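K.L.:
can't give you the sequence, but here's the structure:
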């Protein structure tokens, strides 16, 4: 039997802000995006703000209505990343098999470390104490024999706690929980499950698998396995995380965009970041380019194209993204945000076509690599395209150095809300 | 109880196998204090606010004191109770 830990940093962003501003302990605190840049939503809050009913994702003025004394801090992703890395360093003392799930959650497979460090629960307690004492933030750890129950365990007792779920006690603990607590059960799945009288995780486990498959398709089978503790998905450690399948950036502009010229600037900014990250990743060139557009009614459109000649330069990626935008967007509403992503990497080897101009392509490549070098040395703002400089506010946006999350092991995201 | 940071000038020794050891610090009024011994170095949250500072437990003039090192800005500080 495996021993899996799921560790969840409590109110992560807010906790880091409290580390920086200890005078705000005992005050309701929330972290929000920049209001002027229209990212003014609550990204995280502390326990006290939670007790006032402040919710993640709501707009700042809504939150202030509920809690007049709410102290807000702008998000400081570089600190969050630093703390997250330090926490990972602590996990690394106990196992090398660590899978991140977002910036503040991790699964750890400690099966092979039990002989050295003691039982799963003992390791969990050691991790909890180390994080609290060395870093100053708290963590909830779930200990179990599969990833799903470990995650449920970390949600059960908060903050600063350890919950153990064993094959002997899962029926008493996990089965009582509502179905939507299970990973991947969202609103629509919940409605479907409720329609056949399934309300708790125990109900899912005791419903005939065929009924669930009839209702939810393949997911029915998965949820049945999850609820019964049959999940055997491995903790995808370092090796798996390295196999990134796509690199993408998206950004909500601080204002609505009404014409193609404005959209072009944003696409260029995103393409630059994507291209630079692609070059740094050493994955070679990309053959598929994807564009997503969100309009001001929050409706999202997407289109992707596979190109003959793989590329890793910002100019090429942007040019293709412009074309995709032309084909995709009919300007029914102004544009709110854009996302550019590349995938299908050549991994260093590639087929040259007969009409490839090696010299010209090589020049373009070297130029952008030189730009990367300058930016690495003097900062991401040291060298910028004239088009982007036209919009000073956008020019200040540092996408590359911004918020990086890896919500799935096969996706390397870098999204700003 | 609130604490404030007081940044201080420090003379340090960089060892050949890595690591920094403070030798003496200079207080804001110009007085210098020699550090007799560094007892341990650890990562600890400080009371005056900051992300991941390194705490040096040092002996100065026969007394045990905490000296913090801020890596990003490469500077040293001590904490003072703020009344």
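P.N.:
Right, received. Where do you want to start? Because the structure is predicted, anything quoted here is derived from the model rather than measured. Numbering: from 1, shown residues only, chains lettered A, B, ... in the order given.

K.L.:
show me what residue B:65 is bridged to.
P.N.:
In this entry, residue B:65 is beta-bridged to residue B:58, by DSSP bridges.

K.L.:
actually residue A:30, not the one I wrote
P.N.:
Note on residue A:30: beta-bridge partners residue A:45, residue A:72, judged by DSSP bridges.

K.L.:
residue contacts, it?
P.N.:
Counting by C-beta atoms under 8 Å, 6 or more residues apart in numbering or on different chains, residue A:30 touches A:14, A:42-46, A:49, A:54, A:63, A:70-73. C-betas here are computed from N, CA, C, even on glycine.

K.L.:
hmm, try it at 6 Å
P.N.:
With contacts defined as C-beta atoms under 6 Å, 6 or more residues apart in numbering or on different chains, the neighbours of residue A:30 are A:42, A:45, A:49, A:54, A:70, A:72.

K.L.:
could you check the pLDDT of the fifth one?
P.N.:
When you say that, I think you mean residue A:70. You'll see residue A:70 listed with a pLDDT of 89.

K.L.:
same thing with the third one?
P.N.:
According to the model's per-residue confidence, residue A:49 sits at a pLDDT of 90.

K.L.:
so it versus chain B, what's the distance?
P.N.:
Distance, residue A:49 to chain B, using C-beta to the nearest C-beta, to the nearest Å: 19 Å.

K.L.:
how far away is that residue from residue A:102?
P.N.:
Distance, residue A:49 to residue A:102, by C-beta to C-beta, to the nearest Å: 20 Å.

K.L.:
kindly report the same for the first one.
P.N.:
When distances are taken as C-beta to C-beta, residue A:42 and residue A:102 turn out to be 17 Å apart.

K.L.:
quick one, strands of chain B?
P.N.:
Along chain B, the stretches classed as strands by DSSP state E are B:2-14, B:20-26, B:32-34, B:37-43, B:54-60, B:63-70, B:75-82.

K.L.:
now those strands as TSV including mean neighbour count and mean pLDDT?
P.N.:
Listed next are the strands of chain B as TSV, based on neighbours: other C-beta atoms under 10 Å in any protein chain shown; pLDDT from 0 to 100:
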stretch	mean neighbour count	mean pLDDT
strand B:2-14	14	92
strand B:20-26	16	93
strand B:32-34	13	93
strand B:37-43	12	92
strand B:54-60	18	94
strand B:63-70	16	93
strand B:75-82	16	89
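
K.L.:
dump these into CSV; add distance to residue A:200 as well.
P.N.:
Listed next are those as CSV, based on distance: least, C-beta to C-beta, whole Å:
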stretch, distance to residue A:200
strand B:2-14, 47
strand B:20-26, 56
strand B:32-34, 64
strand B:37-43, 42
strand B:54-60, 47
strand B:63-70, 50
strand B:75-82, 50
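
K.L.:
nearest to residue A:245, out of these?
P.N.:
Closest of those to residue A:245 is strand B:37-43, at 34.6 Å (criterion: C-beta to C-beta).

K.L.:
pairing partners for the closest one, with directions?
P.N.:
In the sheet, strand B:37-43 lines up against strand B:54-60 (antiparallel) (DSSP bridges).

K.L.:
off-centre distance for the partner strand?
P.N.:
Relative to its chain's centre, strand B:54-60 lies at 6 Å (C-alpha atoms, centre = their mean, to the nearest Å).

K.L.:
and for it, what's in contact with it?
P.N.:
Against strand B:54-60 from outside (C-beta under 6 Å, 6+ apart): B:33, B:35-44, B:65-69.

K.L.:
residue A:49 and residue A:102: which is more packed in?
P.N.:
Neighbour count, other C-beta atoms under 10 Å in any protein chain shown: between residue A:49 and residue A:102, residue A:49 has more, with 26 against 15.

K.L.:
how about the strand or helix carrying the more buried one: buried residues?
P.N.:
Assigning secondary structure by DSSP states H and E places residue A:49 in helix A:47-51. Neighbour counts over helix A:47-51 (16 or more other C-beta atoms under 10 Å in any protein chain shown) mark A:48-50 as buried.
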